[in-house]
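Enquirer: Got a sequence here, can you build the structure:
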Amino acid sequence: MSWRLFDITAKRAELAPGAIAFEDARSGETLSYGALETRAAQAAAWLVQRGVKPGDRVGVLCRNRTELFELLFACGKTGAILVPLNWRMTAAELTGMIADCAPALILCGDKDAGAAKAAAGDRPIVPLDVFNAERETLTPHPGRAEWPADEAWFLIYTSGTTGAPKGVINTYGMALANFVNIGQALALNAADSTFNHLPLFHSAGINLVTLPLLMSGGRALIARDFEAAETLSLLGAGRISVMFSVPTVYRALCEAPEFAETGFSAVRSWACGGAPLSERVVMRFAERGALIRHGFGMSESGPTTLLMDEASVLAKPGAAGRPQLLSRARVVDEAGHDLPDGETGEIWLSGPGVTPGYWGQPDETAKIFSADGWLKTGDLGRRDSEGDFHIVGRIKEMIISGGANVFPAEIEAVLNRHPDVADAAVIGAPDEVWGEAGHAFIQPRPDRAPGRGELEAFCRDQLAGYKIPKTFTFVDTFPRTASGKIQKSRLTAPAAETV
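Expert: A predicted model of the protein is given here:
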C-alpha cells in the first residue's frame, strides 16, 4: 500500500484553529485555520452538489485570492483535480488549455469573466461571488480521511514558450516532497509569514512558499498583484519573515525609490527562482544585509530541487546550489553518461517531487524521462567541486559559433553587470562566416543609453572574442513568463534599433 496524506486543513484546524492562515495584504482581513477548514469543507460540499466527481477537473480563472486555495483543499477532500488557469492568456489560448483538461466547470473572478465565457464553450461558468454565496449555506463536507500520495491533486500548465502548454500533473506526494525540500531548507515554522504576490496559475505561486507554509501553520499575506512600494512597505514593517520571489521582482524592488530607506531586519530568509538572478541585484540586497538564495526547479520537479546555502551566496552569485533533502541531480552528456565536475551537460533530476507526467499526453511524457526514470530538464549546467550546480542555459538556446559552443547565459550574466543594463537576452543569429553568432537584446536602465561599442568593450574584458555578440537590439521591455523568464522565442524580430 502506498503512503498517504491526511486532510491538511482539517489537521491544521485541529492543531491550532485560531492561528491565522491568510491575510489580505491590502484590506488586512484575516482567515484563521479553523475558518479555512470550514470554508474548504463547504467548498467541497458545493462541488459535490454541482455534480463534480472524483477525478473531475475544476477550472479556476482568477487573480490571487484565498478562494483558489480553499478550492484546492476542497478538491483534496473530494478527489477532484484543480486547474488554475492562466489569466494572462488570451481567450484563444485559454480555449486550447480548457479543451486539454476538459473541466467539469469553471469558476472565475470578475476581471476574467469575459475571457472565461469566450473560452469555455458549453462548459458551466460560475462567478466566484456566486460560489461564495452558495457555499456559505451548505453543511461542511466530511472529506476523505486520506489523500493517496500518487493521486493527482492539481495541474499546472507550462508557459508554452516552446509549443502548446502542457498540464503538469501535481500529486499529493509531490506537495509533501516540496514541503520537505523547501521547508527544511528555509526552516519554515508556524511563526513565519510570507507574501504571496506571484500568480497562482504558476507553480511558484502555489508552492513557493504558500502551500508549504500553510502545512507548517504559518501566515500567508495575499496580494492580487505586485506593487514594489507595497512590498517594500510590508518588508519594512516587519510583516514578512520569509520572502520568495523571481528576479524581475527583486530588480524592481532595488530600483524603487523606497528601497534605500526600507529596513529588512525582520526577514530571516530570502530566496529566488524561475530565472537567472543578476549579480548586481544580489549585491544591492547584500549591501542591505539581505542574502538572496538562488535556486533551480521547474513545474515538472514540484518545483524545489536545488537551492544555494546562504553562506555561499556572495562567493558564488548566480549559482543554483545543491539538491535538497528529497532531490537528486546529475549532469550528463548526450548519451546519458555522468560528466565529471566542471564539465557542462544536461541536468537530470529525480525524487518524489518529480511529476508522473503531462495530463493526457503520454508521448510528451515519454520524451522527458530517461529509460531509468530520471527527468530530463533540457537545461545545461555543471557541478563544481563543492557540489553546487550552475545553470548555463537551455539546450535549444545553445549557440554554435565556428564549431564552438556558446552559452547565452554566460554572456547575459556579463551584460547584466554593466551599470547601464537592466536586463539582457542573447540568442543565436545566422552568420555567413561563423554559422551562428550572438545577437543581444538589451533593456537599458531608466535614463541610461549604453552604446554598442561600450557594451562590446565591456564584454571583451570578460569574455573570449567568439562569445561577444555581433549585433545588439535595444528594447524597452521583454516578454516574460509568469516566473519572470524572458520568452526568447518571441525575440526573433528586433523591436527597436539594431546595431
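
Enquirer: Please, where are all the strands along the stretch 301-450 of the chain?
Expert: Assigned by DSSP state E, counting those that start in this stretch, the stretch 301-450 of the chain shows strands spanning 304-307, 322-323, 328-332, 345-350, 375-383, 389-394, 399-401, 404-406, 421-431, 435-444.

Enquirer: partner strands of the longest one, parallel or antiparallel?
Expert: This means strand 421-431. Applying DSSP bridges, strand 421-431 is found paired with strand 435-444 (antiparallel).

Enquirer: Show me which parts of the partner strand are buried, residue by residue.
Expert: Across strand 435-444, burial judged by 16 or more other CB atoms under 10 Å covers 436, 437, 438, 439, 440, 441, 442, 443, 444. C-beta here means a position set from N, CA and C on the backbone, and glycine is covered the same way.

Enquirer: who's in contact with the nearest residue to residue 460 once chain neighbours are set aside?
Expert: Among residues not flanking residue 460 along the chain, residue 468 sits closest, at 6.1 Å (CB to CB, 6 or more residues apart in numbering). Contact analysis of residue 468 by CB atoms under 8 Å, 6 or more residues apart in numbering lists 411, 438, 456, 459, 460.

Enquirer: Who does residue 431 form a beta bridge with?
Expert: Residues in beta-bridge contact with residue 431 (DSSP bridges): residue 435.

Enquirer: State the pLDDT value of it.
Expert: Note for residue 431: predicted pLDDT of 82.

Enquirer: Please apply the same query to residue 495.
Expert: We have a pLDDT of 42 for residue 495.

Enquirer: same check, this time on residue 4
Expert: Predicted confidence (pLDDT) for residue 4: 88.

Enquirer: Distance of the closest residue to it other than its chain neighbours relative to residue 69?
Expert: For residue 4, ignoring the flanking residues on the chain, the nearest one in space by CB to CB, 6+ apart is residue 146 at 4.1 Å. From residue 146 over to residue 69 the distance is 20 Å, taken as CB to CB, to the nearest Å.

Enquirer: Of those two, which one has the most company?
Expert: Set residue 146 next to residue 69 and count neighbours by other CB atoms under 10 Å: residue 69 wins out with 27 against 12.

Enquirer: which of the contacts of residue 468 tops the neighbour count?
Expert: In terms of neighbour count, residue 438 stands highest of these at 25 neighbours, by other CB under 10 Å.

Enquirer: Please name the nearest non-neighbouring residue to that residue.
Expert: Of all residues not flanking residue 438 in the chain, residue 469 sits nearest, at 3.9 Å (CB to CB, 6+ apart).

Enquirer: Count the neighbours of the one you found for me.
Expert: Residue 469 is flanked by 27 other residues according to other CB under 10 Å.

Enquirer: What ranges in the stretch 101-250 of the chain fall below the confidence cut-off?
Expert: 159-163 (pLDDT under 70).

Enquirer: Do you have the helices of it handy? List them.
Expert: 113-119, 128-135, 172-186, 203-207, 210-216, 228-236, 247-255 (DSSP state H, counting those that start in this stretch).

Enquirer: between those helices, which gets nearest to residue 271?
Expert: helix 172-186 (6.6 Å; CB to CB).

Enquirer: and that closest one, what other elements does it pack with?
Expert: Judged by 3 or more CB pairs under 8 Å, 6 or more residues apart in numbering; DSSP states H and E, helix 172-186 is in contact with strand 4-6, strand 152-157, helix 203-207, helix 210-216, strand 269-272, strand 304-307.

Enquirer: Which residue would you name as the spatial centre of the protein?
Expert: Nearest to the mean C-alpha position of the chain, by CA atoms, centre = their mean, lies residue 204 at 3.4 Å.

Enquirer: Show the contacting residues for it.
Expert: Counting by CB under 8 Å, 6+ apart, residue 204 has contacts 198, 244, 246, 273, 274, 303, 482, 483.

Enquirer: for those residues, which one is nearest residue 267?
Expert: Residue 267 lies nearest to residue 244 out of the contacts of residue 204, by CB to CB, at 10.7 Å.

Enquirer: How much space separates that closest one from residue 254?
Expert: Going from residue 244 to residue 254 by CB to CB gives 16 Å.

Enquirer: what does residue 480 give?
Expert: Residue 480 is 18 Å from residue 254, by CB to CB.

Enquirer: Residue 259 contacts residue 232, correct?
Expert: Yes: counting by CB atoms under 8 Å, residue 232 is a contact partner of residue 259 at 6.4 Å.

Enquirer: quick one: buried residues of stretch 463-481?
Expert: Per 16+ other CB under 10 Å, stretch 463-481 contains these buried residues: 463, 467, 468, 469, 470, 472, 473, 474, 475, 478, 480, 481.

Enquirer: Pull the contacting residues for the first one.
Expert: I take that to be residue 463. The neighbours of residue 463, taking CB under 8 Å, 6+ apart as the test, are 410, 411, 414.

Enquirer: Could you list which residues are in contact with the second one?
Expert: In other words, residue 411. Here residue 411 is in contact with 424, 426, 438, 440, 459, 463, 467, 468, 469 (criterion: CB under 8 Å, 6+ apart).

Enquirer: Any chance of JSON lines for these, columns distance to residue 489 and pLDDT?
Expert: Converted to JSON lines, the contacts of residue 411 look like this (distance: CB to CB, whole Å; pLDDT from 0 to 100):
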{"residue": "424", "distance to residue 489": "17", "pLDDT": "94"}
{"residue": "426", "distance to residue 489": "14", "pLDDT": "93"}
{"residue": "438", "distance to residue 489": "17", "pLDDT": "91"}
{"residue": "440", "distance to residue 489": "16", "pLDDT": "94"}
{"residue": "459", "distance to residue 489": "24", "pLDDT": "94"}
{"residue": "463", "distance to residue 489": "25", "pLDDT": "90"}
{"residue": "467", "distance to residue 489": "22", "pLDDT": "92"}
{"residue": "468", "distance to residue 489": "23", "pLDDT": "93"}
{"residue": "469", "distance to residue 489": "18", "pLDDT": "93"}
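
Enquirer: Wait, the residue nearest to residue 438 touches residue 427, no?
Expert: No: with contact defined as CB under 8 Å, residue 469 and residue 427 do not form a contacting pair (9.4 Å).

Enquirer: Please enumerate the shared neighbours of these two.
Expert: Joint contacts of residue 469 and residue 427 (CB under 8 Å, 6+ apart) are 438, 439.

Enquirer: tell me the residue furthest from the middle of the chain?
Expert: residue 433 (39.4 Å).

Enquirer: Backbone dihedrals for that one, both of them.
Expert: phi -90, psi -50 (degrees, to the nearest 10).

Enquirer: dump the residue contacts of the residue nearest to it when sequence neighbours are not counted.
Expert: For residue 433, ignoring the flanking residues on the chain, the nearest one in space by CB to CB, 6+ apart is residue 402 at 7.8 Å. Neighbour list for residue 402: 433, 434, 435, 466 [criterion: CB under 8 Å, 6+ apart].

Enquirer: Next: residue 16.
Expert: 33, 190, 217.

Enquirer: The second one: what's it in contact with?
Expert: By CB under 8 Å, 6+ apart, the contact set of residue 190 is 16, 19, 216, 217, 218.

Enquirer: pLDDT weak spots in the stretch 301-450 of the chain?
Expert: For the stretch 301-450 of the chain, no range has pLDDT under 70.

Enquirer: same thing but at 90, please
Expert: 318, 392-394, 396-410, 428-437, 446-449 (pLDDT under 90).

Enquirer: Send over stretch 420-430 as PDB, restricted to the C-alpha atoms.
Expert: As requested, the backbone C-alpha atoms of stretch 420-430 are provided in PDB (Å, rounded to 0.1, in the frame of the first residue of the first chain):
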ATOM      1  CA  ASP A 420      23.500  50.900 -17.600                       C
ATOM      2  CA  VAL A 421      21.900  47.500 -18.400                       C
ATOM      3  CA  ALA A 422      18.600  46.500 -16.600                       C
ATOM      4  CA  ASP A 423      18.400  43.100 -18.400                       C
ATOM      5  CA  ALA A 424      19.800  41.300 -21.400                       C
ATOM      6  CA  ALA A 425      18.900  38.300 -23.500                       C
ATOM      7  CA  VAL A 426      21.200  36.600 -26.100                       C
ATOM      8  CA  ILE A 427      20.000  34.400 -29.000                       C
ATOM      9  CA  GLY A 428      21.800  32.800 -31.900                       C
ATOM     10  CA  ALA A 429      21.500  34.500 -35.300                       C
ATOM     11  CA  PRO A 430      22.700  33.200 -38.700                       C
END
